[in-house]
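J.: 3D model of this:
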Amino acid sequence: MGTHGMILFGHGARDARWKEPFTRLAAKLAAARGADGAEHESGPVALAFLELMEPSLPDAIAAQAAQGCTVITVVPVFFGQGGHIRRDLPALVAQCQVAHPGVQIRCATAVGEDDGVLDAIVGYCLTHASPGDD
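T.: I've put the predicted structure just below:
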């Protein structure tokens, strides 16, 4: 099986500090993938943004294709399936698939749609809801 890249896809913002948790998430994912011993060859982990920040999704996919990735999974780091995920993302993925026909481009659902993610957020909220917090 070929190299499997992953791209964390976010909206983007004007304030550069907004990107910091995405950068930490990408580093954590890269570290976890490097240690998992999975059957596929773990490939690069990258960030991409819809607007206001670089790289764009087409640029990030092109970079991973150039690195030899034969499969790329795009993970939308969005809370829900709004218009950007239902309309903009499929159009971008289709554009990238035409540009890179030898690469299988997969797209996950928005991370906020996953019960495990929601459970983690509930846990986070509960740690900040001690009886003395009014």
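J.: distance of Val45 from Asp114?
T.: Here the criterion is Cβ to Cβ, to the nearest Å. By it, Val45 lies 18 Å from Asp114. C-beta: built from backbone N, CA, C; applies to glycine.
J.: These two: which has the busier surroundings?
T.: Neighbours around Val45 and Asp114, counted as other Cβ atoms under 10 Å, are more numerous at Val45. The numbers are 21 against 12.
J.: pLDDT score assigned to the closest residue to the more buried one other than its chain neighbours?
T.: For Val45, the nearest residue in space outside its immediate sequence neighbours is Ala30; the separation is 4.1 Å by Cβ to Cβ, 6 or more residues apart in numbering. Looking at Ala30, its pLDDT is 94.
J.: Help me confirm that Val75 is found in a strand?
T.: Yes - according to DSSP: H, G, I helix; E, B strand; the rest coil, the state of Val75 is that of a strand.
J.: Following element in sequence after the least confident helix or strand in the chain by mean pLDDT, please.
T.: Evaluated with mean pLDDT, DSSP states H and E, the helix-and-strand set of the chain has its lowest mean pLDDT in helix 83, which scores a mean of 87. Towards the C-terminus, the helix or strand next in line after helix 83, according to DSSP states H and E, is helix 89-99.
J.: Strands of the chain, residue ranges please.
T.: With DSSP state E as the criterion, the chain has strands at 3-10, 41-49, 69-76, 104-107.
J.: partner strands of the shortest one, parallel or antiparallel?
T.: In this case it means strand 104-107. Applying DSSP bridges to the sheet, strand 104-107 is found paired with strand 69-76 (parallel).
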